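**Student:** quick one, fold the following:
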Amino acid sequence: MSWYQTTFKASDSWYVDYIEGEVSLDQKSDMDLLLMHSSTEKKVVENLQKLKESVKSSDELDLPEDDQYWQSFHKKIMTTVEESSKVKWRDEKSDTKGRRARR
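**Tutor:** Next up is the predicted model:
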């Protein structure tokens, strides 16, 4: 398996590593060559760079430091997760019954 297959095909994290400068010189050269010949890959990298700049330039959010707020927030999230799990389980259960009836 080539370096390209293991690096580019196995994971999309190479985009971030490239943008952050966390690749070897050999890898950077290979990626630069890829970006010269692939408009799709080049556009992805450009968009990630724009996103990174946008996030850096945005003001920091003023998040509440109140423990009660975060406890309530956590409870809402967990309730939603539990409810969506129940719905999925019911759908799978009814789908299974339907398959058994057809056999």
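**Student:** summarise which helices and strands the one helix or strand Glu41 maps to is packed against.
**Tutor:** Using DSSP states H and E, Glu41 sits within helix 39-57. The contact analysis (3 or more Cβ pairs under 8 Å, 6 or more residues apart in numbering; DSSP states H and E) places helix 39-57 against helix 14-20, helix 25-37. (C-beta placed from N, C-alpha, C; glycine too.)
**Student:** list the buried residues in that helix.
**Tutor:** Across helix 39-57, burial judged by 16 or more other Cβ atoms under 10 Å covers 41, 45.
**Student:** where are the low-confidence patches of this structure?
**Tutor:** Along the chain, segments meeting pLDDT under 70 span 1-12, 59-61, 85-103.
**Student:** now with 80, please.
**Tutor:** Scanning the chain for pLDDT under 80 picks out the ranges 1-13, 57-65, 82-103.
**Student:** so what are the domain limits for it?
**Tutor:** Following automatic domain parsing, one gets these domains for the chain: 3-57, 61-103.
**Student:** that older thread, tilt between the helix holding Glu41 and helix 25-37?
**Tutor:** Angle between the axes of helix 39-57 and helix 25-37 is 110 degrees (criterion: axes from the mean of the first three to the mean of the last three Cα atoms, to 10 degrees).
**Student:** contacts for helix 39-57?
**Tutor:** 15-16, 18-19, 34-36 (Cβ atoms under 8 Å, 6 or more residues apart in numbering).
**Student:** ok, now with 10 Å
**Tutor:** Residues external to helix 39-57 that are found in contact with it (Cβ atoms under 10 Å, 6 or more residues apart in numbering): 8, 12, 14-16, 18-20, 31, 34-36, 38.
**Student:** list buried residues within these.
**Tutor:** Buried, going by 16+ other Cβ under 10 Å: 8, 14-15, 18, 31, 34-35, out of the contacts of helix 39-57.
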